[in-house]
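J.: This is a predicted model, with the sequence first.
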Amino acid sequence: MKKNLQELTDEELLIKLSEGEYKALDHLYLRHSGRILSYAHRRGLPTERAEDLLQIVFMQLHRKKHLYDPRHSALAWIYVITRSELKDYRNREIKDFAEWDDSLSQTDGAAPILETKDEAQALLNELKPREQEVMKLRYLDELEYNEIAEILKESESNIRQIVSRSLRLLRNRLQARKLKQKEE
């Protein structure tokens, strides 16, 4: 007896998708879109950006359907794609310097919004080398505080303080520059 798509496991749905059954993607979306959105929110993305990420993830699932290995969990594979796309999404955001978002920062308020790559690089250059390294690990490599602490052989608390101080410094310097530009 042939199962309908609703009855298939995630692994079976991915196999069907790779065989050209595109409705399988709809079923995967219905099952996992909420989880992916929740994951994106926990990682600090606001709703609009989380929804963008969700669309990107499912486009990638469709594009990479032939790469799925049924010996592995489908959900794990979906999360690998999600994490990779989240990192790419944030890297594009940071490289374009649209804004830095650190919802887990110990400082109040949002991170500085930067207009250009040059402006961001100039601000980063004002940080000490250690602070630059921590900020790059946090934002470009998208590592968690505990991961950075392990790499740099420092306490997680110290890493959080470096990020907070650096964000506060960058925010203040950016505001000072904007005030100076208005005065000129």
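T.: Here it is on my side, so go on.
J.: low pLDDT regions in the chain?
T.: Applying pLDDT under 70 to the chain picks out residues 1-2, 92-121, 184.
J.: Distance-wise, check the most centrally placed residue in it relative to Thr47.
T.: Centroid-nearest residue in the chain, with CA atoms, centre = their mean: Leu86, separated by 3.4 Å. As for Leu86, its distance to Thr47 is 15 Å (criterion: CB to CB, to the nearest Å). Using the backbone N, CA and C atoms, a C-beta is placed for each residue, glycine as well.
J.: Around Tyr39, how many other residues sit close by?
T.: Per other CB atoms under 10 Å, the neighbour tally for Tyr39 reads 19.
J.: what do you get for Glu48?
T.: Neighbour number of Glu48 under other CB under 10 Å is 8.
J.: cool, Leu140 as well?
T.: Leu140, neighbours per other CB under 10 Å, totals 13.
J.: right, and it touches Asn91 too?
T.: Yes. Taking contacts as CB atoms under 8 Å, Leu140 lies within contact range of Asn91: 6.4 Å.
J.: Check which helix or strand Ile15 maps to.
T.: helix 10-18 (DSSP states H and E).
J.: What is the subsequent helix or strand relative to that helix?
T.: helix 23-42.
J.: Show me what that next one is packed against.
T.: helix 10-18, helix 47-63, helix 74-95 (3 or more CB pairs under 8 Å, 6 or more residues apart in numbering; DSSP states H and E).
J.: quick one: Leu30 and Phe58, what's the gap?
T.: 11 Å.
J.: Between these two, tell me which one has more neighbours.
T.: Per other CB under 10 Å, whichever of Leu30 and Phe58 has more neighbours is Phe58, with 21 against 10.
J.: Quick check: closest non-adjacent residue to the more buried one.
T.: Spatial nearest neighbour of Phe58, excluding adjacent residues (CB to CB, 6 or more residues apart in numbering): Tyr29 at 5.7 Å.
J.: The one you found touches Gln55, doesn't it?
T.: No. The criterion here is CB under 8 Å, and Tyr29 misses it with Gln55 at 9.9 Å.
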